[in-house]
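Trainee: output the structure for:
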Amino acid sequence: SMSGAPSFATGRVPPAPRPVSWDPKAAARELKDLAGRCDSEAGCRALERKLDARLAELPQPDYFCMTRHILESVRRAARLAPLHDTASRAKGLESPYGVSRQFIKTQLLSLSQAWTLDEWAVPVQAKGVPILCRDVPPIP
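Mentor: All right, here's what the predicted structure looks like:
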């Protein structure tokens, strides 16, 4: 739900981050490889741990918000995949891990574009306009 998105407000924000040497293409490749192993609870948990590590590499929360949003969404999908599998099997259905993996991989396709948007937004955000960061809710 977008109801969790922060309200729009302008004002003082921390100084712009130093240039970040984070490679979204390398991150996407690494995460896509791990997503391919998200066909069991253990495989999805490994992906979730790597996503936690990647999220921890991002600068303060006032910047790089689209990249953070994509990574949080992928982490949620990895977290939920085993639950979807259990619920489906309880109903006599086949495992939906394939759907979860494809959903994760599809989101990872946008990681480089999210990073580019975030880089473009830094100068605007540094002046107190919360573009992108106030446009999406955090994903637990």
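
Trainee: let me see the mean pLDDT of the one helix or strand residue 79 maps to.
Mentor: Element membership for residue 79, per DSSP states H and E: helix 65-90. Looking at helix 65-90 alone, the average pLDDT works out to 96.

Trainee: can you give me the buried ones in it?
Mentor: By neighbour count on 16 or more other CB atoms under 10 Å, the buried set for helix 65-90 is 65-75, 77-78, 81-82, 84-85. Using the backbone N, CA and C atoms, a C-beta is placed for each residue, glycine as well.

Trainee: for the most far-flung residue of the chain relative to its centre, grab phi and psi.
Mentor: Distance from the centre of the chain peaks at residue 92, with 31.4 Å (CA atoms, centre = their mean). Main-chain torsions, residue 92, degrees, to the nearest 10: phi 80, psi 20.

Trainee: from here on, call the first residue 6.
Mentor: Got it, first residue is 6 now, which makes that one residue 97.

Trainee: was I right to think residue 29 contacts residue 72?
Mentor: Yes: contact criterion CB atoms under 8 Å: residue 29 and residue 72 qualify, at 6.9 Å.

Trainee: what angle sits between the helix or strand harbouring residue 127 and helix 70-95?
Mentor: Per DSSP H and E: residue 127 is located in helix 116-131. Inter-element angle recorded for helix 116-131 and helix 70-95: 140 degrees (by axes from the mean of the first three to the mean of the last three CA atoms, to 10 degrees).

Trainee: quick one on the thing from earlier: which neighbours do residue 29 and residue 72 have in common?
Mentor: 116, 119-120 (CB atoms under 8 Å, 6 or more residues apart in numbering).

Trainee: re earlier: quick check: buried residues in the helix holding residue 127?
Mentor: 116-117, 119-120, 122-123, 126-127, 130.

Trainee: which residues touch the residue nearest the centre of the chain?
Mentor: Centroid-nearest residue in the chain: residue 76, 1.4 Å away (criterion: CA atoms, centre = their mean). Contacts here follow CB under 8 Å, 6+ apart; on that basis residue 76 touches 56, 59-60, 63, 116.
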